[in-house]
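1. mind looking at a prediction? Sequence and model below.
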Amino acid sequence: MARITLDHIRHAYGANPKTEKDYSLKEVDHEWNDGGAYALLGPSGCGKTTLLNIISGLLQPSHGRILFDGKDVTNLSTQSRNIAQVFQFPVIYDTMTVYDNLAFPLRNRGVAEADVDRRVRDILEMIDLAGWAKRKAQGLTADQKQKISLGRGLVRNDVNAILFDEPLTVIDPHMKWVLRSQLKRLHKQFGFTMVYVTHDQTEALTFAEKVVVMYDGQIVQIGTPAELFERPSHTFVGYFIGSPGMNVMPAQIDGSAVKIGDEVLTLDYAPNTNGAVKTELGIRPEFIRLGREGMPVTINKIEDIGRQKIVRARFAGQPIAIVVSEDDDIPADARVTFDPSAISIYADSWRVGREA
Ligand SMILES: Nc1ncnc2c1ncn2[C@@H]1O[C@H](COP(=O)(O)OP(=O)(O)OP(=O)(O)O)[C@@H](O)[C@H]1O
């Protein structure tokens with residue numbers, strides 16, 4: 001397995017890119033740990049596949065280099081990068097048996113037949129197809145075929161990395177959960193470097209140690225699920241992670257005073273919003289307390305979501321969501337307080353911390 005260095009990588013599909021807008025992938029300059037499990041998460045068109053294809057070698061970046069364990073592989077083919085890939089749709093040989101499909105990547109590399117057999121049997125168990133080993137892949141369901149694809153991606157343990165591009169799209173919801181847990185377990189057991197592309201936050205948050213959130217061709221945050229939840233670096237991360245997403249409200253910042261409409265909150269620090277055109281306050285719905293104390297709100301709607309309720313309200317002229325537990329009392333003339341440690345201030349969409 002390998003450490004992956006993305007050295008000042010940028011990519012434009014068109015010839016002669018001139019402005020930032022011409023780049024589908026804006027500058028990425030990061031190092032991903034050997035044995036790390038990373039999820040690339042973001043909406044359609046944000047550049048996830050572009051970045052994955054640059055890592056796999058299907059695409060040459062317009063600028064920058066890619067290194068595996070310090071070795072420049074930018075000009076190497078996919079084959080010579082020694083990676084395994086699992087795509088959205090099954091890539092298998094229909095005329096081969098399930099067993100032979102799984103054995104193929106190993107036999108191709110001249111692995112001894114006894115080792116092939118041991119490894120293939122392990123994988124058959126893992127993907128729950130042990131009873132199907134001798135069956136031809138032809139005629140299997142889409143689900144089963146994709147499980148074989150996953151198995152083929154996992155069967156070799158000498159690859160630099162395993163890349164997954166939305167591999168569970170065709171799998172039914174229950175099996176999705178099972179396979180995700182198995183992938184996580186395998187990662188713990190074998191320490192593969194895994195890069196997993198998805199636009200589904202549940203998938204990313206349950207699979208990855210580090211989630212790489214992409215938006216509009218750039219990486220806006222790399223963090224653990226807890227970091228993305230507690231300290232979103234960009235307002236997009238706030239909106240995209242969490243359900244409902246973070247409340248983000250236009251705010252005027254004056255020293256440590258934050259003004260939203262007619263309401264003023266005082267922080268215990270003065271955020272550095274130097275020269276920002278747009279300043280905002282962000283707070284997740286889980287960190288707003290609804291009670292008899294604090295600032296006034298007007299409640300519009302209460303949604304019951306099982307053990308919790310989502311209260312939709314207006315605060316200082318802005319729509320906000322508040323999460324309360326199912327047995328919390330909601331007073332008619334409710335007021336709100338914000339947990340001060342959960343408040344984030346954003347200058348032109350980027351989080352600004354305490355001033356030094
Ligand atoms: N071959 C191509 N030629 C020109 N533009 C492309 C090409 N492939 C992707 N793009 C553009 O690059 C941008 C990023 O696309 P990319 O496929 O990397 O996004 P994505 O996050 O993987 O989206 P999805 O989840 O829909 O696959 C998009 O604006 C897309 O239109």
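-> Received the coordinates, thanks.
2. how about residues contacting the worst-scoring helix or strand of the chain on mean pLDDT?
-> Using mean pLDDT, DSSP states H and E, helix 173-190 stands out as the lowest-scoring helix or strand of the chain, at a mean of 83. Residues outside helix 173-190 that contact it (CB atoms under 8 Å, 6 or more residues apart in numbering): 37, 126-128, 143, 147, 150, 154, 157, 168, 171, 192, 194, 196, 203, 206-207. (Each C-beta comes from the backbone N, C-alpha and C, glycine too.)
3. and what of stretch 201-209?
-> 36-39, 41, 168, 176, 180-181, 183-184, 196, 198, 211, 224-225, 228, 240-241, 243.
4. for the residue nearest the centre of the chain, what are its contacts?
-> Centroid check for the chain by CA atoms, centre = their mean gives residue 41 as the closest residue, at 3.1 Å. Listed by CB under 8 Å, 6+ apart, the contact set of residue 41 reads 48, 198-201, 204, 211-214, 240.
5. from those, list just the buried residues.
-> Among these, those classed as buried by neighbour count (16 or more other CB atoms under 10 Å) are 48, 198-199, 201, 204, 211-214, 240.
6. quick one: the strands in the stretch 51-200 of the chain?
-> 63-68, 71-72, 83-86, 161-165, 194-198 (DSSP state E, counting those that start in this stretch).
7. looking at it, residue 128 is touching residue 147, isn't it?
-> Yes - in this structure residue 128 lies within contact range of residue 147 using CB atoms under 8 Å: 7.1 Å.
8. those two: which has the busier surroundings?
-> residue 147 (27 against 14; other CB atoms under 10 Å).
9. tell me who's in contact with residue 171.
-> Per CB under 8 Å, 6+ apart, neighbours of residue 171: 143, 146-147, 179.
10. surely residue 57 and residue 76 touch.
-> Yes - with contacts counted by CB under 8 Å, residue 57 reaches residue 76, the gap being 6.0 Å.
11. who has more neighbours, these two?
-> residue 57 (18 against 14).
12. how about the residue nearest to the centre of the chain, nearest residue that isn't a chain neighbour?
-> Excluding the flanking residues, the one nearest residue 41 by CB to CB, 6 or more residues apart in numbering is residue 204, at 4.1 Å.
13. tell me the contacts of residue 83?
-> Going by CB under 8 Å, 6+ apart, residue 83 touches 55-57, 159-163.
14. beta partners for it?
-> residue 161 (DSSP bridges).
15. how close does it get to residue 163?
-> 6 Å (CB to CB, to the nearest Å).
16. tell me, what's touching the two both at once?
-> Contacts common to residue 83 and residue 163, judged by CB under 8 Å, 6+ apart, are 55-56.
17. per-domain residue ranges of this structure.
-> 4-230, 243-352 (automatic domain parsing).
18. with distance to the ligand added, can I get the ones you listed in TSV?
-> TSV is the format used below for the domains of the chain (distance: least, CB to the nearest ligand atom, whole Å):
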stretch	distance to the ligand
domain 4-230	3
domain 243-352	19
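19. can you say which of these is packed in most?
-> domain 4-230 (a mean of 18; mean count of other CB atoms under 10 Å).
20. helices of the stretch 1-150 of the chain, residue ranges please.
-> For the stretch 1-150 of the chain, applying DSSP state H, counting those that start in this stretch gives helices covering 48-56, 78-81, 98-107, 113-126, 142-154.
21. dump those helices to TSV, plus mean pLDDT.
-> Below are those laid out as TSV (pLDDT from 0 to 100):
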stretch	mean pLDDT
helix 48-56	95
helix 78-81	92
helix 98-107	96
helix 113-126	94
helix 142-154	91
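22. tabulate the ones you listed (TSV), appending distance to residue 341.
-> Converted to TSV, these look like this (distance: least, CB to CB, whole Å):
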stretch	distance to residue 341
helix 48-56	32
helix 78-81	44
helix 98-107	50
helix 113-126	42
helix 142-154	41
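23. which one of those lies nearest to residue 18?
-> helix 48-56 (18.7 Å; CB to CB).
24. show me what the closest one is packed against.
-> When contacts are defined as 3 or more CB pairs under 8 Å, 6 or more residues apart in numbering; DSSP states H and E, helix 48-56 packs onto strand 4-11, strand 25-32, strand 37-41, strand 83-86, strand 161-165, strand 194-198.
25. okay if I get those as JSON lines plus mean pLDDT?
-> As requested, the helices and strands packed on helix 48-56 are arranged in JSON lines below (pLDDT from 0 to 100):
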{"stretch": "strand 4-11", "mean pLDDT": "97"}
{"stretch": "strand 25-32", "mean pLDDT": "95"}
{"stretch": "strand 37-41", "mean pLDDT": "95"}
{"stretch": "strand 83-86", "mean pLDDT": "92"}
{"stretch": "strand 161-165", "mean pLDDT": "94"}
{"stretch": "strand 194-198", "mean pLDDT": "94"}
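26. for those strands, which one sits closest to residue 68?
-> That would be strand 4-11 among the helices and strands packed on helix 48-56, by CB to CB, at 6.2 Å.
27. to residue 236, which of the domains of the chain lies closest?
-> domain 4-230 (4.4 Å).
28. and that closest one, how far out from the chain middle?
-> 13 Å (CA atoms, centre = their mean, to the nearest Å).
29. that one: end-to-end distance?
-> 27 Å (CA to CA, to the nearest Å).
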